[in-house]
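J.: The sequence and its predicted three-dimensional model are supplied below.
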Amino acid sequence: MTAGELAAPQIPQPLPWLRWPLMAGATLTAAAAIVLAFWLARPQPQFTNLATPVASRQALTLADGTRIELNAQTSLSAEIGPKVRHVRLAAGEAFFAVHKDPSRPFVIETPAGSVQVTGTQFDVRAESATTLEVTVSEGSVQVAPAGADKTIALTPGQKLSALDGHVAVQALSAADLDNVLAWRQGQIVFNGTPLREAVARFARYHGRGITAAPEISELRVGARYSLDDLEGFFTALEETLPVKVTHNPNGTVQVEPRATQ
């Protein structure tokens, strides 16, 4: 090299004992990226919680395409996973239009029993820890009432009622089926229903204390009413039955015998 020539710059090289940590770090980073990509690609459970207030109805669609309609004062939680679909109906009433998926059973648990399907349409009413009603409008379901030693299969037009361990299944006419599901249109139908039960249904829907005096509690109610028109219900009772409705200052309502003249 002559005096006028410049020496080529020397690029520093990593020390030999530093090369292995650098290579190991790159390997670990690549492995972590692969694990993260696998975790992101794996189907993750979808969770949903919903509760409806008094005198209100709501509907939602779950991650799997299942549609649920909730009556007033109904609370549920749902988990849609890769192998099973699970709903916990804590209290209330809901109509399910379950998206068909034979590989993932759809299970509904209530305090009074469970229902299992793969895809169908049905109504579940569980307003206490000891009562359960399941009504099927399409497909079939398997019901396991609490305390029962076997599951019960229901087909379209059948209704199961379980109360304190006693189970009954009845066949419904098309009109009866429509009456059971009338709440989805904001209506309720009574057909020879005891007065105590009729007022209890309105009491729950509106979150009000409404009771019938014992001496008239077995009078029969038969008509279609608007769930949202509570005062209209009271007026109809006074027009069709020998009763009077008293509104108390604390917000409760008492249905009493009408005084005879």
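T.: Good, I have the coordinates. Numbers count the residues shown, from 1 in each chain.
J.: quick one: residue 58 and residue 71 touch, right?
T.: No. Here residue 58 does not reach residue 71: they are 9.1 Å apart, not a contact under CB atoms under 8 Å. Using the backbone N, CA and C atoms, a C-beta is placed for each residue, glycine as well.
J.: Overlap of the contact sets of those two?
T.: Residues touching both residue 58 and residue 71 (CB atoms under 8 Å, 6 or more residues apart in numbering): residue 52.
J.: Toward the C-terminus, what is the element adjacent to the longest strand along the chain?
T.: For the chain, the longest strand by residue count, based on DSSP state E, is strand 85-97. Downstream of strand 85-97, the first helix or strand assigned by DSSP states H and E is strand 106-110.
J.: so what strands line up beside that next one?
T.: Applying DSSP bridges, strand 106-110 is found paired with strand 85-97 (parallel), strand 113-117 (antiparallel).
J.: hmm, who's touching that strand?
T.: Contacts for strand 106-110 (CB under 8 Å, 6+ apart): 66, 84-90, 96, 98, 114-119, 124, 126, 132.
J.: Selecting buried members of these in PyMOL, what would you type?
T.: Remark: buried members of the contacts of strand 106-110, expressed as a PyMOL selection using 16 or more other CB atoms under 10 Å:
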select buried, resi 66+85+86+87+88+89+96+98+114+115+117+118+119+124+126+132
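J.: List the buried residues for the helix or strand where residue 201 lies?
T.: Residue 201 belongs to helix 195-206 when assigned by DSSP H and E. Going by neighbour count (16+ other CB under 10 Å), the buried part of helix 195-206 is 195-196, 198-206.
J.: again with stretch 139-154
T.: 139, 141-145, 152, 154.
J.: Please apply the same query to stretch 58-66.
T.: Those would be 62-64, 66, for stretch 58-66 by 16+ other CB under 10 Å.
J.: what bits of the stretch 151-261 of the chain have low per-residue confidence?
T.: 261 (pLDDT under 70).
J.: quick one: the longest strand of the chain to helix 195-206, angle?
T.: Per axes from the mean of the first three to the mean of the last three CA atoms, to 10 degrees, the angle that strand 85-97 makes with helix 195-206 is 110 degrees.
J.: Any idea how far strand 85-97 is from the middle of the chain?
T.: 2 Å (CA atoms, centre = their mean, to the nearest Å).
J.: now do stretch 167-183
T.: The chain centroid and the centroid of stretch 167-183 are separated by 19 Å under CA atoms, centre = their mean.
J.: list the contacts for residue 212?
T.: By CB under 8 Å, 6+ apart, residue 212 lies in contact with 195-196, 199, 219, 243, 254-255.
J.: let's see it at 10 Å
T.: For residue 212, the contacting residues are 194-200, 218-219, 237, 241, 243, 245, 253-257, by CB atoms under 10 Å, 6 or more residues apart in numbering.
J.: what's the answer for residue 101, then?
T.: Residue 101 neighbours (CB under 10 Å, 6+ apart): 64-66, 80, 85, 118-119.
J.: So which of those sit within strands?
T.: Those of the contacts of residue 101 lying in strands (DSSP E): 80, 85.
J.: Show me which of the contacts of residue 101 is closest to residue 54.
T.: residue 66 (25.4 Å; CB to CB).
J.: Just to check, the closest one is in contact with residue 86?
T.: No. Using CB atoms under 10 Å, residue 66 is not in contact with residue 86; the gap is 11.5 Å.
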